[in-house]
Structure formats: structure tokens, C-alpha cells
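*Asks:* My questions concern the predicted model and sequence given below.
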Amino acid sequence: MLAVSKTDGSVVWQAKVLWQPNLYDGAAYSSPNKFSAGGVGQYVTLAQRGVIAGRANDGKFCWRYDHPANGVANIPTCMTYRQTVFAASDYGSGGGLVEVQQTVDGYKAKELHFTKQMQNWHGGVILLDGYLYGADDNQLTCLEHKTGNVKWSDSMCGKC
């Protein structure tokens with residue numbers, strides 16, 4: 001992730017995130033989203049190999065969550081609510097909800113649930129009245145935010 005000045009385009013900070021020792025996690029297609037955990041602003045995005053978060057003021061790495069990444073194309077923007085982040089992708093992966101918790105050493109992402117019933121390719125997921133709505137392949141799907149349980153799923157293409 002990279003922050004630039006809105007006045008002149010100069011680099012304010014650049015976050016380099018290690019995936020494994022000596023291997024940096026690359027960009028994907030997901031847009032970053034800002035949220036707060038433990039009173040600290042963070043930017044979160046679904047990168048090449050997982051969800052990553054960097055501190056908003058300087059880009060310092062905060063935490064990562066690899067379960068939703070698919071190894072092909074991670075496109076949807078992460079959905080944030082309070083101290084939770086939901087991320088999903090397609091190509092056989094699925095979606096998971098984490099609660100970002102502050103620790104003595106920084107932050108950790110605690111997985112609350114993961115489901116194969118939200119393989120979201122494009123467009124992302126929204127949260128409304130405690131339910132997540134998104135596309136799971138060719139199905140419009142509704143999940144309970146807290147549990148990941150499917151409330152309903154319906155074909156988006158009618159008789160096709």
C-alpha cells in the first residue's frame with residue numbers, strides 16, 4: 001500500500017508487507033478501506049496472498065489474514081464494521097470474518113467464521129441490518145454477519 005499527498009502526489013508512506021520471509025505480498029485488485037481498531041486508524045486491503053492492514057498515519061504493518069485469498073485474482077473490497085473485517089474472493093476460496101484485536105505486540109486478526117458460500121468474484125459485499133449481501137458465483141446470497149450462516153440464496157440470472 002502507498003499513501004500519496006493529495007496536493008502534489010509525493011509519497012507520504014509506503015507499506016511493504018512480507019508474506020513469507022524474503023517474499024513481499026503483491027498488490028491485487030481490491031481497493032483499500034479505512035477503519036479503526038483499538039482507536040488506531042488502519043487501511044485494509046485484500047492483497048495477492050491475503051488481507052493486510054497498515055496503520056493510517058505511517059503505513060506500519062498491523063496484521064494479516066490469508067484464508068480468503070485465492071492465488072488467482074483477489075478483487076472485492078473488504079467490508080469493515082466496528083473492529084471486524086469481512087473479505088471474500090472467488091476461484092474456490094470463500095469469505096471470512098475476522099475481529100481485529102489489540103495485543104501487547106500490536107494486532108491480530110481472530111477468525112470468527114469462514115464460509116465457502118460467499119465466493120465473491122467482483123463487486124464486494126455489503127452489510128445491512130446484521131446481514132452480509134453479495135454474489136456467490138451466480139447466486140445472490142445473504143449471510144448472517146456474526147455467524148456466516150446462509151439465510152437465503154437465489155439465482156441472479158432467473159431462467160438462464
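*Replies:* Nice, thanks for sending it over. Numbers count the residues shown, from 1 in each chain.

*Asks:* Bridged to the closest residue to residue 84 other than its chain neighbours, which residues?
*Replies:* The shortest distance from residue 84 to any non-neighbouring residue, by CB to CB, 6 or more residues apart in numbering, is to residue 99 (5.2 Å). The C-beta positions use only the backbone N, C-alpha and C, and glycine is treated the same way. Residues in a beta bridge with residue 99, per DSSP bridges, are residue 84, residue 110.

*Asks:* give me every residue that touches the residue nearest to residue 36 when sequence neighbours are not counted.
*Replies:* Spatially, and ignoring its direct neighbours in sequence, residue 36 is nearest to residue 42 (6.9 Å; CB to CB, 6+ apart). Residue 42 makes contacts with 34-36, 53-56, 62, 100, as judged by CB atoms under 8 Å, 6 or more residues apart in numbering.

*Asks:* could you flag which of these are buried?
*Replies:* 35, 53-56, 62, 100 (16 or more other CB atoms under 10 Å).

*Asks:* Looking at those residues, which one is closest to residue 108?
*Replies:* Of all the buried ones among the contacts of residue 42, residue 100 has the smallest distance to residue 108: 7.6 Å, by CB to CB.

*Asks:* ok, now how distant is that closest one from residue 144?
*Replies:* Relative to residue 144, residue 100 is positioned 20 Å away (CB to CB, to the nearest Å).

*Asks:* cool, residue 33 as well?
*Replies:* Distance of residue 33 to residue 144, given as CB to CB: 21 Å.

*Asks:* Which of these two has more residues huddled nearby?
*Replies:* For residue 33 versus residue 144, neighbours defined as other CB atoms under 10 Å are more numerous around residue 33 (18 against 13).
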